[in-house]
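Novice: Attaching a predicted model along with its sequence, questions to come.
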Amino acid sequence: MDLFAISSVVIVLSALFGYINVRFLKLPNTIGLMVIAIGFTLVLFASNLVDSTIFNAAEVMMAQIEFDHVLLDILLGFLLFAGAMHTNFDQLRVQRWPILIFSTLGVLASTFITGFFVFYLLQFMSLSVPFIHCLLFGALISPTDPIAVLGILKKAGVPKKLETKIVGESLFNDGVGVVIFLTILGVAQGGSHGGDPFDIAKLFGQEVIGGIIMGGILGYGTFLLLRSIDDYDIEVMITLACVMGGYSLAHYLHLSAPLAIVVAGLIVGNDTVRDTSMSDITEQYVDKFWELIDMLLNAILFVLIGLEMLILTFNGKYIIAGLICIVLVLLARYISLFIPVKLFSKKLEFIPHTDKIMTWGGLRGGISIALALSLPDEMNRDIFIIITYVVVVFSILVQGLTIGKFATKLIGKENMITDDGHGH
């Protein structure tokens, strides 16, 4: 199948599954689309027992889609910009220090804690996997996925202050997580950064700090262009150019493209920037355009996650390891959040049980699957793909559906009242 045919099939399925969800299931879009896609995949497996024609065609199509390339190189920039644009900048600024620690030291701590847990679990299960490969798994599963988080928390009814922490952390920690993953991968492969602490710190600083600085330049440059004209068509195009051009340039300069786009999106979406650079009609068109992009690409992403089952090699032992890893990953996240939450809780008046709610609300998604799929075969790729898939599906379906009720139970209905002035 050619690119247009594959894209057509995916979009048709996304629209069809979206309709079924809105018409019948009425679940949050990200969850509903994935549930239907997984159900559709199971029907395809069942149909294979009668006639393998449709199943084989679907399998061939999914094998041609490079999920890691599609998400990390194509979809991610658009989704991060759309999410960052509609994040409350003022709340984010107030919560900047805990968010910074959650998304850097928190991810790093979770990477090593998860790696340690998984290494001993796999040893216990007689699966001989080197410790550094388990660290790679820790790096790919530790960042919370902003796409899953944004799509689900909006409808979960979590208090705004807490929502800002979870969303803010997820917007930044995926960029940091990707850098940590690539750094450990370089060490595991014995590359140019193979173990020298100075080289590793230099690479990390270049990617993260360089990405943030570039995002600031991109965002400010976009603001100046928007302020100098009043033409909503061209202004929408300028925001699109900011994302596509900025993401490509960051890759070329070896900076963190996700972090650059998040910072640019936060600047462009900031109330002050909007008020001084966009007319009311421009603001309306920009918002509607990015809401549509967000919805369309989210639909495609979660349908692809569901259909990815078609090309996974299932193994009973790997699935059991995945089920146990659900608990280990949650425990590692709780431990990595515990100290930062205690450190800032009094100063910033954290809501009670913030650490527990952030643990359950830290959803994993497509980024983890994409990173697992990018692992080389010699790094126990098959084991970690299955474990990652099990953790991600549980995270989105179970944690995503229950985070609202979980938060209500812990902090009470009176504290769940949210202000109306959030975002745009």
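Specialist: Perfect, I can see it now.

Novice: tell me the domain boundaries of the protein?
Specialist: 3-64, 68-412 (automatic domain parsing).

Novice: okay, the ones you listed, which one's buried deepest?
Specialist: When the domains of the chain are scored by mean count of other C-beta atoms under 10 Å, the highest mean neighbour count falls to domain 68-412 (a mean of 20). C-beta: built from backbone N, CA, C; applies to glycine.

Novice: Endpoints of it, how far apart?
Specialist: End-to-end distance for domain 68-412: 40 Å, by C-alpha to C-alpha, to the nearest Å.

Novice: Mean pLDDT for the domains of the chain - can I get that in a markdown table?
Specialist: Output for the domains of the chain, formatted as a markdown table (pLDDT from 0 to 100):
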| stretch | mean pLDDT |
| --- | --- |
| domain 3-64 | 94 |
| domain 68-412 | 91 |
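
Novice: all helices in the stretch 1-150 of the chain, in order from the N-terminus.
Specialist: 3-20, 29-47, 53-64, 67-69, 76-85, 89-94, 96-101, 107-124, 131-141, 146-153 (DSSP state H, counting those that start in this stretch).

Novice: Of all the ones you listed, which one is nearest Gly221?
Specialist: Judged by C-beta to C-beta, the one of the helices of the stretch 1-150 of the chain that comes nearest to Gly221 is helix 76-85, at 14.3 Å.

Novice: Can you tell me the centre-most residue of the chain?
Specialist: Nearest to the mean C-alpha position of the chain, counting by C-alpha atoms, centre = their mean, stands Asp145 at 2.3 Å.

Novice: how far away is that one from Ala188?
Specialist: 23 Å (C-beta to C-beta, to the nearest Å).

Novice: For Val390, pull up the helix or strand it's in.
Specialist: Assigned by DSSP states H and E, Val390 belongs to helix 381-394.

Novice: Relative to Ile387, which of the helices of the stretch 1-150 of the chain is closest?
Specialist: Of all these, helix 131-141 comes closest under C-beta to C-beta, at 6.9 Å.

Novice: circling back: possible to save the helices of the stretch 1-150 of the chain as JSON lines with distance to Met295?
Specialist: Rendered in JSON lines, the data for the helices of the stretch 1-150 of the chain read as follows (distance: least, C-beta to C-beta, whole Å):
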{"stretch": "helix 3-20", "distance to Met295": "8"}
{"stretch": "helix 29-47", "distance to Met295": "7"}
{"stretch": "helix 53-64", "distance to Met295": "23"}
{"stretch": "helix 67-69", "distance to Met295": "20"}
{"stretch": "helix 76-85", "distance to Met295": "9"}
{"stretch": "helix 89-94", "distance to Met295": "22"}
{"stretch": "helix 96-101", "distance to Met295": "26"}
{"stretch": "helix 107-124", "distance to Met295": "28"}
{"stretch": "helix 131-141", "distance to Met295": "26"}
{"stretch": "helix 146-153", "distance to Met295": "9"}
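
Novice: what's the closest of those to Val393?
Specialist: Comparison of those against Val393 by C-beta to C-beta identifies helix 29-47 as nearest, at 7.4 Å.

Novice: Run through who's touching that closest one.
Specialist: Residues outside helix 29-47 that contact it (C-beta atoms under 8 Å, 6 or more residues apart in numbering) are 13-14, 17-18, 20-22, 25-27, 54-55, 58, 147-148, 151-152, 295, 298-299, 302-307, 309-310, 393, 396-397, 400-401.

Novice: With stretch 127-134 instead?
Specialist: The contact list for stretch 127-134 (C-beta under 8 Å, 6+ apart) reads 114-116, 118-119, 122-123, 184, 187-188, 317, 321, 379-380, 383-384.

Novice: Same question for stretch 218-234.
Specialist: Residues contacting stretch 218-234 (C-beta under 8 Å, 6+ apart): 235, 238-239, 242, 246, 260-261, 263-268, 273, 276-279, 281-282, 284-286.

Novice: Any figure for the gap between Ala5 and Leu292?
Specialist: Going from Ala5 to Leu292 by C-beta to C-beta gives 23 Å.

Novice: Just the angle for the helix holding Val390 relative to helix 29-47, thanks.
Specialist: Per axes from the mean of the first three to the mean of the last three C-alpha atoms, to 10 degrees, the angle that helix 381-394 makes with helix 29-47 is 120 degrees.

Novice: could you point out which element follows helix 381-394?
Specialist: With elements assigned by DSSP H and E, the helix or strand that comes after helix 381-394 is helix 400-411.
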